[in-house]
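S.K.: this one's structure only:
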């Protein structure tokens, strides 16, 4: 495309002021690249003109076209981003920066550098989609001129294009670029197969074109008879799609009948379905080959009706029916939704924002890993893989990577739903959590507030890298919270053991001051370090009190004698019980554990004062005390590891009913050195078995270990703790 042709085409939708800005960008780029040539020997300015021309063909706004002219000036000339910002504004500067390769950094390999460049582009793309449209136009022209590169470079660029840029164009719905990128890549990666398909298509071209012309003529007559305005045309299959069909379906070229498809473009959605009825009236539809992408669009916003019928000669014929707007989206994808009005860019509306939620995940991936290669592998797996579409019970469509399981579905709905998942139903039937979801499945996730959270085994069966990251974050956060709480408790205990005031010594200001002395940026980091024995509570307390408590040797000796002659502080107001529970501030009370919730060491507990029966200890989440406030009191577990007591806990195991299931569950519990004090079970007509067990455990960690072992048994759906 020449500069004159570019200006002529841009003038069809840009005003005079914007055309002048485009010309100014051309002059700026021409001056910056003066004296530079490409591998082909042509002046370098030819490349920016071609890139901007592709953007004009996509009807992009003036900011994007200007960025197309300037996309290489920062990387290849002395022009800086500040120069561009002063001359053309912040938006253009940000787009140019997004497609500029990283320089002035040392990398261990070319692969690391390229991965970091891709990472930069994707993060910029997540902020402004126009960045990647400029990059796709840049890559398309580079692929068109790939013949001037050496062979190794051709292979590298073609592979990179097939792995990243063609799938990205597909995700954005820009099929006009996607098909050309794929066909050119195939020409360099598989030249024999490419030219074989080209020659085979040439041999029977006249016969196929005559057949399609007859089909188009018949269709025009059918449509005209019902007075529906429509445009009917034939559409050749692209070479890469034929190659993929031959490879994936193990077919020879002469076994592929749908080398051509017929496309019908109408005015309204109602006309689409009317035309579909006419076609099925005249030609018999093939079972299972109808797809309604209007009612359920593809994730890249593609909409159309697809049907395959037995054509006039008895061969399969593919027909696509869509509106004019759908056709624009099918060809230009996300680029079709930059409507240019009154000198302003109108961004994508909410409907299309919702369909591109995967872009927002890019920034999440960026924040979760410092490894550029890992970042790109995540993108390839999650963003460019094939997808399945499943439904929520309310009928909402959820898009997931092929191979996803109910765990992926649960976390896609909400992170907390995933964390509390205990089982799943698909199409009304219980399924294991490693069940592979299929398009059209209706998925219902079962959750429980008493769930122990995700299992580490979920990392092996979840498909999405984003879901795996969320599961890992849960474990990190859970362990951190436990360490913080434990560390705070140890510090308070140390404070009491030295008969010091918690209120006076453990103030926020003092703790932050000591945290900095230990090189921690936050008080919770200090508590976590105490919790996992990185430092001792005594060390921290010594630092906390060093300015206010500097006793002399005599005072120190006197204090020690006093401690020896007096009972342990605060122990006299705690009631030790054979149940391993301490009641704060009250002595000589009868204490018993509630049978409704069966608390065990490690559970958060509270005491409930009963009439004439002392104190009953419940779990804090027990529904039987949820409305009681006046009769509750503080209790805590004794920390006595030497005399481990056993506590009854009720658990419920749900699984697929098969021979030997109960034996495996019993053997699993027995192998964990856990006594079973009660068991019952049943199975329903859907082959779902429910086993209730009462087991004797020593603390909450013991219970977790037993539950995790049971979950590893094949065909187990869920294991949860229950209340009576």
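M.R.: Looks like it came in fine. Keep in mind the model is a prediction, meaning the values are calculated, not measured.

S.K.: what stretches of the stretch 451-600 of the chain score poorly on pLDDT?
M.R.: Scanning the stretch 451-600 of the chain for pLDDT under 70 picks out 476, 519, 532-534, 547-579, 585-588.

S.K.: before we move on, what about the stretch 601-724 of the chain?
M.R.: 612-613, 629, 639-644, 724.

S.K.: end-to-end on stretch 667-687?
M.R.: Using Cα to Cα, to the nearest Å, the end-to-end distance of stretch 667-687 comes to 22 Å.

S.K.: now that stretch: buried residues?
M.R.: Neighbour counts over stretch 667-687 (16 or more other Cβ atoms under 10 Å) mark 668-669, 672, 674, 681 as buried. Backbone N, C-alpha and C define where each C-beta goes, glycine included.

S.K.: tell me which two in those residues are the farthest apart.
M.R.: 672 and 681 (19.2 Å; Cβ to Cβ).

S.K.: run through who's touching stretch 288-308.
M.R.: 170-173, 258, 269, 272-273, 276, 279-280, 285-286, 316-322, 326, 329-330, 333-334, 352, 355, 358, 387, 389, 397, 399 (Cβ atoms under 8 Å, 6 or more residues apart in numbering).

S.K.: now do the buried residues in it.
M.R.: So for stretch 288-308, counting by 16+ other Cβ under 10 Å, buried means 293-294, 297-308.

S.K.: what about the residue nearest the centre of the chain, helix or strand, and which?
M.R.: In the chain, the residue lying closest to the centroid (Cα atoms, centre = their mean) is residue 466, at 3.7 Å. Per DSSP states H and E, residue 466 falls inside helix 465-497.

S.K.: stretch 441-448 - what's its average pLDDT?
M.R.: On average, the pLDDT along stretch 441-448 is 88.

S.K.: counting neighbours, what do you get for the closest residue in space to residue 699 that isn't next to it in sequence?
M.R.: In space, and not counting its chain neighbours, residue 699 is closest to residue 601: 4.0 Å by Cβ to Cβ, 6 or more residues apart in numbering. Residues near residue 601, counting by other Cβ atoms under 10 Å, number 22.

S.K.: which residues touch residue 601?
M.R.: Contacts of residue 601 (Cβ under 8 Å, 6+ apart): 580, 637, 647, 698-700.

S.K.: of these, which is the most crowded?
M.R.: Going by other Cβ under 10 Å, residue 580 tops the contacts of residue 601 with 22 neighbours.

S.K.: was I right to think residue 19 contacts residue 9?
M.R.: No. With contact defined as Cβ atoms under 8 Å, residue 19 does not reach residue 9; the gap is 10.9 Å.

S.K.: show me the buried residues of stretch 288-308 that map onto strands.
M.R.: 305-308 (DSSP state E).

S.K.: of all those, which two lie farthest apart?
M.R.: 305 and 308 (11.4 Å).

S.K.: re the thing from before, return the member of the buried residues of stretch 288-308 nearest to residue 661.
M.R.: Proximity of those to residue 661 (Cβ to Cβ) peaks at residue 299, which lies at 39.4 Å.

S.K.: mind checking pLDDT for the closest one?
M.R.: Reported pLDDT for residue 299: 68.

S.K.: and for the one 5 residues further on?
M.R.: Residue 304 carries a pLDDT value of 91.

S.K.: separation between the closest residue to it other than its chain neighbours and residue 53?
M.R.: Nearest residue to residue 304, sequence neighbours excluded (Cβ to Cβ, 6+ apart): residue 322, at 4.1 Å. Distance, residue 322 to residue 53, using Cβ to Cβ, to the nearest Å: 27 Å.

S.K.: just residue 14 next, same as before
M.R.: Distance from residue 14 to residue 53, by Cβ to Cβ: 14 Å.

S.K.: coming back round to it: ok, of the contacts of stretch 288-308, which come out buried?
M.R.: Judged by 16+ other Cβ under 10 Å, buried ones among these: 170-173, 258, 269, 272, 276, 279, 317-322, 326, 329-330, 333-334, 352, 355, 358, 389, 399.

S.K.: can you list the low-confidence ranges for the stretch 51-200 of the chain?
M.R.: For the stretch 51-200 of the chain, the stretches with pLDDT under 70 are 101-127.

S.K.: what do you get if the cut-off is 50, keeping everything else the same?
M.R.: 102-109 (pLDDT under 50).

S.K.: how about the helices in it?
M.R.: 62-70, 73-76, 81-88, 90-99, 110-127, 130-144, 151-160, 166-171, 175-189, 191-203 (DSSP state H, counting those that start in this stretch).

S.K.: closest one to residue 429 among those helices?
M.R.: That would be helix 166-171 among these, by Cβ to Cβ, at 33.1 Å.

S.K.: and the closest one, what does it pack onto?
M.R.: helix 130-144, helix 175-189, helix 372-383 (3 or more Cβ pairs under 8 Å, 6 or more residues apart in numbering; DSSP states H and E).

S.K.: if I pick the closest residue in space to residue 472 that isn't next to it in sequence, what's in contact with it?
M.R.: Leaving aside its chain neighbours, residue 472 sits nearest to residue 459 (7.2 Å; criterion: Cβ to Cβ, 6+ apart). Residue 459 is in contact with 468, 471-472, counting by Cβ under 8 Å, 6+ apart.

S.K.: quick one: buried ones out of the residues you listed?
M.R.: Buried among these by 16+ other Cβ under 10 Å: 468, 471.

S.K.: residues near the closest residue in space to residue 177 that isn't next to it in sequence, how many?
M.R.: Excluding the flanking residues, the one nearest residue 177 by Cβ to Cβ, 6+ apart is residue 169, at 4.6 Å. The tally of other residues near residue 169 (other Cβ under 10 Å) stands at 27.

S.K.: quick check: residue 169 touching residue 181?
M.R.: Yes. Under the criterion of Cβ under 8 Å, residue 169 makes contact with residue 181 at 6.3 Å.
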